[in-house]
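J.: Sequence first, then the predicted structure:
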Amino acid sequence: MLKNKIHIFSEPEETAESVAKLITAMLNEKVSAGKSLNIAISGGSTPNLLFGMLSGEYAEKINWEKIRFFWVDERCVEPTDKESNYGNVNKILLQHVPIPEANIFRMKGENVPIEEAVQYQNTLRNELPEVNGMPQFDLVLLGMGDDGHTASIFPGNLELLHSTESVAAAKHPQTGQNRITLTGSVICNAKHVAFVITGHSKAEVLESIMHEKGDFERFPTYYILTGCGDVELYLDHEAAERL
């Protein structure tokens, strides 16, 4: 079995709260050093629980002047579209907390994908410290799809794991929907990476990845877990049931 540190909780809400505590602790450490926390966030049902907690019971515990949000990936839709990752976070979190507009760095899904990928690369280059020739996040929060994809890096798109660029345009293999995504290179350059995975539908793929069974090598999540440095998993009981 892979050696990544795993945290398992009874319910998705407990999983989300554990990540909220992680963010709060990392932020407090940064604030004590007079710095800001640079975090890349993902979409999905469990992150929605997390964002709701951050805008609710954790809102008073967070120094919103010192947290800066970037995006792991984005669907190429208008920010008002119900599929927009930014729009979702804005509705659940950003509208409800006193975070400065200057601390929000969204991927603009309404733009031409390749052009926006280049633009977002420039944003990362300008806003983040460079380490090992790549921009460096303090924390990258990732999910995993039922097909083992993470960010918008899908099976069949494994070249995006090793791109020399930090951001790339991608397509959903079934729907053909255009996406913009961080690449594996910049994800693995982060100080800390946390997978947040919940639900019974993820259990079989997660078992294949963690135990290196079957066609595990086709799953992008496997390469992040084995190719990056500090990567942890935050799971609920259902996602972990086959581990």
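T.: Cool, got the structure.

J.: Do you have the helices of the chain handy? List them.
T.: 12-32, 45-55, 85-92, 113-127, 184-187, 203-210, 220-227 (DSSP state H).

J.: for these, which one sits closest to Ile6?
T.: helix 203-210 (8.2 Å; CB to CB). In this view, the C-beta of every residue, glycine as well, is placed from N, C-alpha and C.

J.: any residues touching that closest one, and which ones?
T.: Under the criterion CB atoms under 8 Å, 6 or more residues apart in numbering, residues 1-2, 4, 144, 146-148, 197, 213-216, 219, 221-222, 225, 235, 238-243 lie in contact with helix 203-210.

J.: Equivalent analysis for stretch 111-118, please.
T.: By CB under 8 Å, 6+ apart, stretch 111-118 touches Cys76, Met107, Lys108, Gly109, Gln119, Glu165, Val167, Ala168, Ala169, Asn178, Arg179, Ile180.

J.: what about the last one, how many neighbours?
T.: In other words, Ile180. Residue neighbour count, defined by other CB atoms under 10 Å, stands at 28 for Ile180.

J.: Quick check: bridge partners of it?
T.: Note on Ile180: beta-bridge partners Glu74, Ala169, judged by DSSP bridges.

J.: Now a PyMOL select for only the buried ones of the contacts of stretch 111-118.
T.: Selection command for PyMOL covering only the buried members of these, criterion 16 or more other CB atoms under 10 Å:
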select buried, resi 76+107+108+109+167+168+169+178+179+180
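
J.: With pLDDT and distance to Lys30 added, can I get the contacts of stretch 111-118 in TSV?
T.: Listed next are the contacts of stretch 111-118 as TSV, based on pLDDT from 0 to 100; distance: CB to CB, whole Å:
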residue	pLDDT	distance to Lys30
Cys76	98	32
Met107	98	23
Lys108	98	27
Gly109	98	29
Gln119	98	26
Glu165	98	27
Val167	98	24
Ala168	98	28
Ala169	98	31
Asn178	98	34
Arg179	98	30
Ile180	98	27
